[in-house]
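**Student:** this one's sequence-less:
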Ligand code: SF4
């Protein structure tokens, strides 16, 4: 098989991994006076540890899988065209793309080629060729295959910038049902090893072990797991293994299976709400049990999780912006990390009013229901649960209406 044909197959097969998120558009260049093409798979964008956005060549080493996960296009029993790069081919492609300035790095994953260890050895061989033989110093993100031996994780971690092990499904029960060849321990053991390697690196300055940290991905909507289950697991992973990111991917049916739900439209709004809630866990000091409880195990699709929490906890409000501490300010819908910092900074020199807040880019259409400035709420507002809820719902709906001009889903709001 020609190298370019392999590239088409293995770049397309990699597009379901959302750890790199920008693949997806296909547009050919037909007119003479235009520049550039967009292809569905292949090049994607990711963010390095220092916040830079880099273009990555996103490929699988092979799509010929020994496993049979029900939801996966590459599963053993699926009748698709199979291809595999040799490590030399994958390294060569990376170098050639890099020299032409198409990419700044590589995102390399793979189906299970015989066994997890064999797959990981081939991935390591590719990365070693790049780093040691070809002198490639660009960004490399690889997938660690669940069930891989400890020594191979250690070897790989010393060569790459980021490593991720995909959880895929948030509970043992779901994993047993849809991916019976993977056990939760096969996923969490490598994650723990990566975490330990990163912690060790902090002590031994000479070594650089996975400097951009680790991430994972969960599929949403393929199983009955609730948002509480999903976010509960994310909270544990952020806490125990210091993950940089958990990615959520709305389940898209690509294979027939009686074990999978019938999905007409992927749950993109739910995926978006999970990202919003995840943000609250990582940066706003929220806990899963505050956002969801025994009665509501799933996020409210009509309101963002912070507004939803605020309406259920009106006794916490109003917050006086001239005296509240940083964490209290962060609880206010419409006040983000930057505006909370600006408020704390500015009030060292003067008391703040509503105009000051607008200039600090506080989103007043949300914040106004939950704050006071110098002891007063904004004129004409009522501090009542139903009134606040209806007003916020109206503003949220108009936001989604505006977004529908650009596409029919709520991603990237
Ligand atoms: S192991 Fe990975 S590539 Fe193989 S079938 Fe399962 S999800 Fe797909």
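**Tutor:** Now that the structure is in, tell me what you want to look at. Computed from a prediction, not measured in an experiment: that's the story for all the values here.
**Student:** can you pull the contacts of the residue in the stretch 101-250 of the chain positioned nearest to the ligand?
**Tutor:** When scored by CB to the nearest ligand atom, the stretch 101-250 of the chain has residue 111 as its residue closest to the ligand, at 3.8 Å. From N, CA and C alone the C-beta is placed, and that goes for glycine too. Neighbour list for residue 111: 13, 60, 62, 63, 64, 65, 66, 67, 74, 119 [criterion: CB atoms under 8 Å, 6 or more residues apart in numbering].
**Student:** how near is the second one to residue 4?
**Tutor:** Relative to residue 4, residue 60 is positioned 15 Å away (CB to CB, to the nearest Å).
**Student:** same check, this time on the first one
**Tutor:** Summarising the geometry, the distance separating residue 13 from residue 4, computed by CB to CB, is 15 Å.
**Student:** more neighbours, the two?
**Tutor:** Between residue 13 and residue 4, residue 13 has the larger neighbour count (other CB atoms under 10 Å), namely 26 against 9.
**Student:** that one contacts residue 74, doesn't it?
**Tutor:** Yes - at 5.9 Å, residue 13 counts as touching residue 74 under the criterion of CB atoms under 8 Å.
**Student:** shared neighbours, those two?
**Tutor:** 60, 63, 111.
**Student:** among the residues you listed, which ones are in strands?
**Tutor:** residue 60 (DSSP state E).
**Student:** around the ligand, pick out the residues from the stretch 151-300 of the chain.
**Tutor:** For the stretch 151-300 of the chain, the residues in contact with the ligand (CB under 6 Å from any ligand atom) are residue 179.
**Student:** where in the stretch 151-300 of the chain is pLDDT low?
**Tutor:** 201-207 (pLDDT under 70).
**Student:** can you map out the strands along it?
**Tutor:** Secondary structure of the stretch 151-300 of the chain by DSSP state E, counting those that start in this stretch: the strands cover 162-164, 214-220, 245-250.
**Student:** swap in the stretch 1-150 of the chain?
**Tutor:** 42-47, 53-60, 105-109, 139-143.
**Student:** mean confidence for the second one?
**Tutor:** What strand 53-60 shows for mean pLDDT is 85.
**Student:** for stretch 128-148, same thing?
**Tutor:** Across stretch 128-148, pLDDT averages out at 94.
**Student:** okay, buried residues for that stretch please.
**Tutor:** Within stretch 128-148, the residues scored as buried using 16 or more other CB atoms under 10 Å are 128-131, 136, 138-148.
**Student:** stretch 290-299 now?
**Tutor:** Within stretch 290-299, the residues that count as buried by 16+ other CB under 10 Å are 291, 292, 299.
**Student:** try stretch 181-201
**Tutor:** Neighbour-count burial for stretch 181-201, with 16+ other CB under 10 Å as criterion, is recorded at 181-182, 184, 186-198, 201.
**Student:** ok, stretch 268-288 next?
**Tutor:** Quick answer for stretch 268-288 (16+ other CB under 10 Å): 268-282, 284, 286, 288.
**Student:** which residues in the stretch 301-413 of the chain form helices?
**Tutor:** Along the stretch 301-413 of the chain, counting by DSSP state H, counting those that start in this stretch, helices occupy 305-312, 326-330, 337-346, 354-359, 364-367, 385-404.
**Student:** pick out the shakiest of those, pLDDT-wise.
**Tutor:** Of all those, mean pLDDT reaches its minimum on helix 385-404 (a mean of 75).
**Student:** in space, what's closest to residue 171 - neighbours in sequence excluded?
**Tutor:** Residue nearest to residue 171 in three dimensions, not counting chain neighbours: residue 225, with 5.5 Å by CB to CB, 6 or more residues apart in numbering.
**Student:** next, the contact list for the one you found, please.
**Tutor:** Applying CB under 8 Å, 6+ apart to residue 225 gives the contacts 169, 170, 171, 174.
**Student:** which one of those is nearest to residue 316?
**Tutor:** residue 170 (29.3 Å; CB to CB).
**Student:** okay, now the domains of the chain?
**Tutor:** 3-266, 305-412 (automatic domain parsing).
**Student:** which of these is buried the deepest?
**Tutor:** For the domains of the chain, the largest average neighbour count (mean count of other CB atoms under 10 Å) is found in domain 3-266, namely a mean of 18.
**Student:** ends of that domain, how far apart?
**Tutor:** End-to-end distance for domain 3-266: 33 Å, by CA to CA, to the nearest Å.
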